[in-house]
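1. After the sequence you'll find the predicted model.
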Amino acid sequence: MARATYLVALGGNRWSRHGGPAATVRAAAATLGKVATLVALSPIIDTPPLGPSSRRFANAVALVESEDTPPALLARLKEIERTFGRRRGRRWGARSIDLDIVLWSGGRWMSPGLEVPHRAFRERTFVLEPAVAIAPEWHDPVSGLTLRQLLGRLTRTRPMPRARRVDGSGP
């Protein structure tokens with residue numbers, strides 16, 4: 001496969017051997033950079049949990065380049081999750097790290113266990129806000145809208161708690 005660009009969401013809300021959630025996200029991004037070319041990492045933001053978890057999350061988005069197909073990259077992401085102590089279990093539960101392919105430069109991909117674009121990213125400020133920081137003009141192949149436009153629609157139609165940066169890179 002030719003070299004492709006991917007937008008990968010990173011998030012976690014448990015301590016790991018790397019430290020707190022923000023430190024774990026940074027360490028996961030560094031590990032991701034060993035299996036793909038890390039082009040950019042967004043600021044890490046602190047966000048409220050979805051579902052039953054009571055712990056806040058650290059979230060970021062990475063822009064990576066790889067010759068892997070989406071399923072091959074997903075397998076690498078799942079291996080990183082395992083090395084960081086991620087255990088499959090309760091949906092929406094606490095986790096040390098979660099890595100998801102959000103978009104790829106090839107447009108759409110559908111295979112068992114993988115749908116790109118990620119089916120829920122358009123409703124998630126914790127994905128769109130950091131994504132806009134590094135790839136605001138990337139177009140969603142389904143809606144045709146840019147990430148900046150998707151975030152604008154989401155925050156304009158449904159006010160949600162604003163995320164706070166936890167990496168000291170801004171307000």
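-> Happy to help now that I have it. From a predicted model like this one, the values you see are computed outputs, not experimental measurements. Residues are numbered from 1 along each chain as shown.
2. number of nearby residues for Phe121?
-> When neighbours are counted by other Cβ atoms under 10 Å, Phe121 registers 22. Just so you know, the C-beta spots here come from the backbone N, C-alpha and C atoms, and that holds for glycine as well.
3. now Thr37
-> Thr37 is flanked by 14 other residues according to other Cβ under 10 Å.
4. Kindly report the same for Gly107.
-> The number of residues packed near Gly107 is 12, by other Cβ under 10 Å.
5. Surely it and His139 touch.
-> No - applying Cβ atoms under 8 Å, one finds Gly107 not in contact with His139, separated by 9.5 Å.
6. Name all residues that make contact with the residue lying closest to Arg17 once chain neighbours are set aside.
-> Leaving aside its chain neighbours, Arg17 sits nearest to Gly85 (7.6 Å; criterion: Cβ to Cβ, 6 or more residues apart in numbering). Contact analysis of Gly85 by Cβ atoms under 8 Å, 6 or more residues apart in numbering lists Arg14, Ser16, Arg17, Ser96, Ile97.
7. now the first one, what's its secondary structure?
-> I take that to be Arg14. coil (DSSP: H, G, I helix; E, B strand; the rest coil).
8. For it, grab the count of nearby residues.
-> So Arg14, with other Cβ under 10 Å, has 18 neighbours.
9. Ramachandran angles for it?
-> phi -120, psi 150 (degrees, to the nearest 10).
10. hang on, the earlier thing: just the buried residues of the contacts of Gly85.
-> Arg14, Ser16, Ser96, Ile97 (16 or more other Cβ atoms under 10 Å).
11. Which pair of the residues you listed spans the longest distance?
-> Largest separation among the buried ones among the contacts of Gly85 by Cβ to Cβ: Arg14 and Ile97, giving 8.5 Å.
12. what touches both of those two?
-> Thr24, Gly85.
13. residue contacts, the closest residue to Gly12 other than its chain neighbours?
-> Closest residue in space to Gly12, ignoring its immediate chain neighbours: Ile97 at 4.4 Å, by Cβ to Cβ, 6+ apart. Neighbour list for Ile97: Leu10, Gly11, Gly12, Ser16, Thr24, Val25, Ala28, Ile80, Glu81, Phe84, Gly85, Arg86 [criterion: Cβ under 8 Å, 6+ apart].
14. And the pLDDT for Ile97?
-> What the model reports for Ile97 is a pLDDT of 94.
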